[in-house]
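Novice: Could you look at this predicted model? Sequence included:
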Amino acid sequence: MLFKAPKGTYDVLPERGEKWEFLEEAARSIFKIYGYRPIETPAFEATQLFARGIGEATDIVQKEMYTFADKGGRSITLRPEGTAPIVRAYIEHALGQRPQPVKLYYSGPMFRYERPQAGRYRQFYQLGVEAMGSDDPALDAEVILLLVEYFKSVGVKDMDVLLNSMGCPADRPKYVEALKAYAGTKLDAMCADCAKRFALNPLRLFDCKNPTCRDVISSAPKVIDYLCEECRDHFEEVRGYLDRIELAYKIEPKLVRGLDYYTRTTFEVQSRHLGAQNAIGGGGRYDGLSEELGGPKMPAIGFALGLERLQMAVEAESGTIPGDFELDVFVIAVDEGVKKDAFDLTLRFRREGLVAESDFLNRSVKGQIKAANRLGAKFAAFVGPEELSAGVCRIRNMATGVQEDVELEKAPEYLSDRVFEEYEERGEADG
Ligand code: HAM
């Protein structure tokens, strides 16, 4: 039997890995400009952290967690998301004592036992930020702007920003009552899961993917109509900031999102180029999560984006993502006797910053040229006994076939200039 990657997972081969690196590096650089610093938390946590943090009635906790007992009998869960772990770290390391808000970014794999489909996986890769320790509406606008600016910077243009406010815990009972009054009479038309949701946490009725249930819930009372004055003001201020920076958004009263920790602002960015799984990023405020986890009062907001979906959106819109591997030079040893000289020259090229490769399979000269071509080398550098005794190597431009003998001493610098000229011609001189 041949093994395959488990259902809902995939291997990231180099071509894709390079694109991901481009997307990740672009994210890191803009996150830093906005004042975020890196944090990493473990890939698994105590199950209770997610059960309490995300909410017992959510689909994630009810049916999507990878939970197991470790050899010490502890209940462990592979993280389905990054926010609860980061709040755990904030509490554990008393980050509240640092200047607030504490701004952190993270990336890594998340795990959810979902039904796999295009854009939905069981192990997927998120990039995210959390800004913790402030309830200032300006921060909400800044966080939403950061997500949108990042998407734009990597080539996503056709996107919709959806915005909602979930209000505060004091607003919840009134709203839940109204929702119950509405949905209570329609349960017969809804699925069995929704009947459970209705009993456990009616807000989760918004998560159902069943078309009939969605139809019913689309006319439900809107949480936004049940906000207290403070939450209304907060929402108005967030909108004021977004208008000020001319960030277009749509109010989406059904944007409750699949995690229980949200309070006030929630948002999601959808690509117009993807199918059902079109949410490329989303987030919101979670002003009560720290206290829920036994920590201090700590209002906070953040987002996470899915790298797989982002890649799909960028490729659908712009065709390609930069980051293809480019080999500057393949060093060819003309015979066995000069292998070590070729080895030395390869290292010298690399020390000059060139992407350099040589032969490790004792290929013939013809075989090495073929390998250089298959790898797309821009140049080949021939090292042979005659060249060596003349103190030169022969450098061939693989595209034009033009070749020159270049003093060995100066070869790295010479080649580096030639490669730089190529980049310049393509308008990528800083690459
Ligand atoms: P989320 O909406 O569950 O939020 O996930 C964020 C993003 O991760 C989604 O918009 C989507 O792009 C991607 N994603 C989610 N599930 C999958 C999946 N099964 N396969 C592929 N991509 C997926 C959160 O996780 C919150 N922690 C975000 C947040 C941060 N809220 C506040 N701070």
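Specialist: Arrived safely, thanks for sending.

Novice: With only the CA atoms kept, save the host helix or strand of E404 in PDB.
Specialist: E404 belongs to strand 403-407 when assigned by DSSP states H and E. The C-alpha coordinates for strand 403-407 follow below in PDB (Å, rounded to 0.1, in the frame of the first residue of the first chain):
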ATOM      1  CA  GLN A 403      30.300  32.800 -23.900                       C
ATOM      2  CA  GLU A 404      33.300  34.600 -22.500                       C
ATOM      3  CA  ASP A 405      36.500  33.600 -20.600                       C
ATOM      4  CA  VAL A 406      36.600  35.400 -17.300                       C
ATOM      5  CA  GLU A 407      39.400  35.600 -14.900                       C
END
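
Novice: Sheet-wise, list the partners of it with their directions.
Specialist: Partners of strand 403-407 in the sheet, by DSSP bridges, are strand 392-397 (antiparallel).

Novice: Tell me which residues are up against the partner strand.
Specialist: Strand 392-397 has contacts (C-beta atoms under 8 Å, 6 or more residues apart in numbering) with 329, 345, 378-384, 387, 402-408, 411, 414-415, 418. C-beta coordinates here come from the backbone N, C-alpha and C atoms, glycine included.

Novice: from the middle of its chain, how far away would it be?
Specialist: How far strand 392-397 lies from its chain's middle: 43 Å, per C-alpha atoms, centre = their mean, to the nearest Å.

Novice: Please identify the buried residues of it?
Specialist: V392, C393, R394, I395, R396 (16 or more other C-beta atoms under 10 Å).

Novice: Ok, stretch 337-344 next?
Specialist: By neighbour count with 16+ other C-beta under 10 Å, stretch 337-344 contains the buried residues V338, D341, A342.

Novice: ok, G288 to G302 distance?
Specialist: 14 Å (C-beta to C-beta, to the nearest Å).

Novice: In terms of neighbours, single out the busier of those two.
Specialist: Neighbours per residue (other C-beta atoms under 10 Å) separate G288 from G302, with G302 holding more: 24 against 18.

Novice: Surely the more buried one touches A131?
Specialist: Yes. Between G302 and A131 a contact is recorded at 6.2 Å, counting by C-beta atoms under 8 Å.

Novice: returning to what we had before: so which of the buried residues of stretch 337-344 sit within helices?
Specialist: D341, A342 (DSSP state H).

Novice: angle of the helix or strand following the strand holding E404 against strand 392-397?
Specialist: Going down the chain from strand 403-407, the next helix or strand is helix 411-425, by DSSP H and E. Inter-element angle recorded for helix 411-425 and strand 392-397: 10 degrees (by axes from the mean of the first three to the mean of the last three C-alpha atoms, to 10 degrees).

Novice: helices and strands around helix 411-425, which ones?
Specialist: Where contact means 3 or more C-beta pairs under 8 Å, 6 or more residues apart in numbering; DSSP states H and E, helix 411-425 is packed against helix 339-351, strand 379-383, strand 392-397, strand 403-407.

Novice: Could you say which one of those comes nearest to the ligand?
Specialist: Closest to the ligand of the helices and strands packed on helix 411-425 is helix 339-351 (C-beta to the nearest ligand atom; 37.0 Å).

Novice: what's the angle between that closest one and strand 379-383?
Specialist: Relative orientation of helix 339-351 versus strand 379-383 (the same axes, to 10 degrees): 140 degrees.

Novice: which other helices and strands contact helix 339-351?
Specialist: Helices and strands touching helix 339-351, as assessed by 3+ C-beta pairs under 8 Å, 6+ apart, comprise strand 329-333, strand 356-358, strand 379-383, helix 411-425.

Novice: Provide the strand pairings for the third one, with the direction of each partner.
Specialist: Read it as strand 379-383. Applying DSSP bridges, strand 379-383 is found paired with strand 329-333 (parallel), strand 392-397 (antiparallel).

Novice: now what about it, what contacts it?
Specialist: Here strand 379-383 makes contact (C-beta under 8 Å, 6+ apart) with 328-334, 338, 341-342, 345, 349, 368-369, 372, 393-398, 411, 415, 418-419.

Novice: where along the stretch 51-200 of the chain do the helices fall?
Specialist: Applying DSSP state H, counting those that start in this stretch to the stretch 51-200 of the chain gives helices spanning 59, 83-92, 137-153, 172-184, 192-200.

Novice: ok, the closest residue to the ligand within the stretch 101-250 of the chain to K196 distance?
Specialist: When scored by C-beta to the nearest ligand atom, the stretch 101-250 of the chain has F124 as its residue closest to the ligand, at 3.5 Å. Distance, F124 to K196, by C-beta to C-beta: 26 Å.
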